[in-house]
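Novice: below is the sequence, then the predicted model.
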Amino acid sequence: MNLVDLFKKKKPVISFEIFPPKLDTPIESIFGTLEQFKELKPDFISVTYGAGGSAKDRTIEIASKIKNEYGIESMAHLTCVGHSKEEIDALLTSMREHNLENILALRGDPPANQPDFDFSNNAFKYANELIAHVRKQNRNDFCIAAAAYVEGHVNSKRLKDDLLYLKQKVDTGVDFLVTQLFFDNRLFYDFLDKTASIGITCPITPGIMPIFKADQIKRITYLCGASIPAKLVIMMDKYGDNDEDMRKAGIEYASNQIRDLIDNGVDGIHLLTMNRPKSTREILTNIGLLK
């Protein structure tokens, strides 16, 4: 099922993001986690790719299992980094052979051991080039999602330019957008106004990351350029030294954030689960989607 059709049928669409186990860990280690996520009945689950495309084969295998064995629609991440056009085409063919219809097309992160990675050496330097290639290959059988950056991409000098790049990406052939994480809903509502003003009409589902560890979220926000509101800084300072207290406070914060988003009619909620089904269950219970 093309996920864009799902957005036409219901609101909000509830989805999870998970990541494959590290390459030195058996892939079977995630199957028990998938079983627990299945019980939560999300509308779809996306599977990340790994920096530099390091987990691409595992991404397809896990996405295939989610759809073909668990009966939940899945979305496989696909990035430009480190791939030739032929490799991209081979990955797309493999996805269709596994009955996968939905992809999240991204530029992607450089390999972890190459901080000075030169993106210009890729066959596709930007996500819009990857999207254009998929569409040019007559691959309209894929539903293509793309990333949106509520506070602007970390490498963009001006938010205005970042919005124009986003519009270009959407016009290239994007069916819906998933945002980078954010912690202040006012930023998201302002972003919706700005995207609407430049003619972006596709569904936009906000990406929500619960805070489980203070040091982890500080590192992630540093890398992606997301801001941390003052009340969140106070919360992390108060509970950051106690993992369980921090987890509970993070769940409460995410639950309040999601309630407000749903009350304001968002297209969907994309939970960045960090592979934590227990905490994800607690959030869905708090917001009234699970008994």
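Specialist: Received it, and whenever you're ready, just let me know what you need.
Novice: alpha carbons only for contacts and neighbour counts from here, please
Specialist: Fine.
Novice: His77: what secondary structure?
Specialist: strand (DSSP: H, G, I helix; E, B strand; the rest coil).
Novice: would you map the strands across this protein?
Specialist: Taking DSSP state E as the test, the strands found in the chain are 13-18, 44-47, 73-79, 102-106, 143-148, 176-181, 204-208, 268-272.
Novice: by contact count, what packs against the last one?
Specialist: So the one you mean is strand 268-272. Counting contacts by 3 or more CA pairs under 8 Å, 6 or more residues apart in numbering; DSSP states H and E, strand 268-272 packs against strand 13-18, strand 204-208.
Novice: need the winner for burial among those strands.
Specialist: Neighbour counts (mean count of other CA atoms under 10 Å) averaged over each of these peak at strand 204-208, with a mean of 24.
Novice: what angle do that strand and strand 143-148 make?
Specialist: Between strand 204-208 and strand 143-148, the angle comes out at 60 degrees (axes from the mean of the first three to the mean of the last three CA atoms, to 10 degrees).
Novice: C-alpha coordinates for the worst-scoring helix or strand of the chain on mean pLDDT, CSV please?
Specialist: Sorted by mean pLDDT, DSSP states H and E, the helices and strands of the chain end with helix 214-224, the least confident at a mean of 91. Below are the C-alpha coordinates for helix 214-224, written out as CSV (Å, rounded to 0.1, in the frame of the first residue of the first chain):
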residue,chain,number,x,y,z
ALA,A,214,20.1,13.7,28.5
ASP,A,215,23.6,13.3,27.1
GLN,A,216,22.2,11.3,24.1
ILE,A,217,19.7,14.1,23.2
LYS,A,218,22.3,16.8,23.6
ARG,A,219,24.6,15.0,21.1
ILE,A,220,21.7,14.4,18.6
THR,A,221,20.5,18.0,18.7
TYR,A,222,24.1,19.2,18.2
LEU,A,223,24.4,17.1,15.1
CYS,A,224,21.0,18.0,13.6
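Novice: contact partners for Lys169?
Specialist: Residues near Lys169 by CA atoms under 8 Å, 6 or more residues apart in numbering: 127-128, 131, 146.
Novice: number of residues surrounding Phe142?
Specialist: 20 (other CA atoms under 10 Å).
Novice: phi, psi of it?
Specialist: Dihedral angles of Phe142 (phi, psi; degrees, to the nearest 10) stand at phi -90, psi 140.
Novice: ok, back up a step: the strands of the chain into JSON lines, with extra columns for mean pLDDT and distance to Phe7?
Specialist: Output for those, formatted as JSON lines (pLDDT from 0 to 100; distance: least, CA to CA, whole Å):
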{"stretch": "strand 13-18", "mean pLDDT": "98", "distance to Phe7": "6"}
{"stretch": "strand 44-47", "mean pLDDT": "98", "distance to Phe7": "11"}
{"stretch": "strand 73-79", "mean pLDDT": "96", "distance to Phe7": "13"}
{"stretch": "strand 102-106", "mean pLDDT": "96", "distance to Phe7": "13"}
{"stretch": "strand 143-148", "mean pLDDT": "97", "distance to Phe7": "12"}
{"stretch": "strand 176-181", "mean pLDDT": "98", "distance to Phe7": "9"}
{"stretch": "strand 204-208", "mean pLDDT": "98", "distance to Phe7": "10"}
{"stretch": "strand 268-272", "mean pLDDT": "98", "distance to Phe7": "8"}
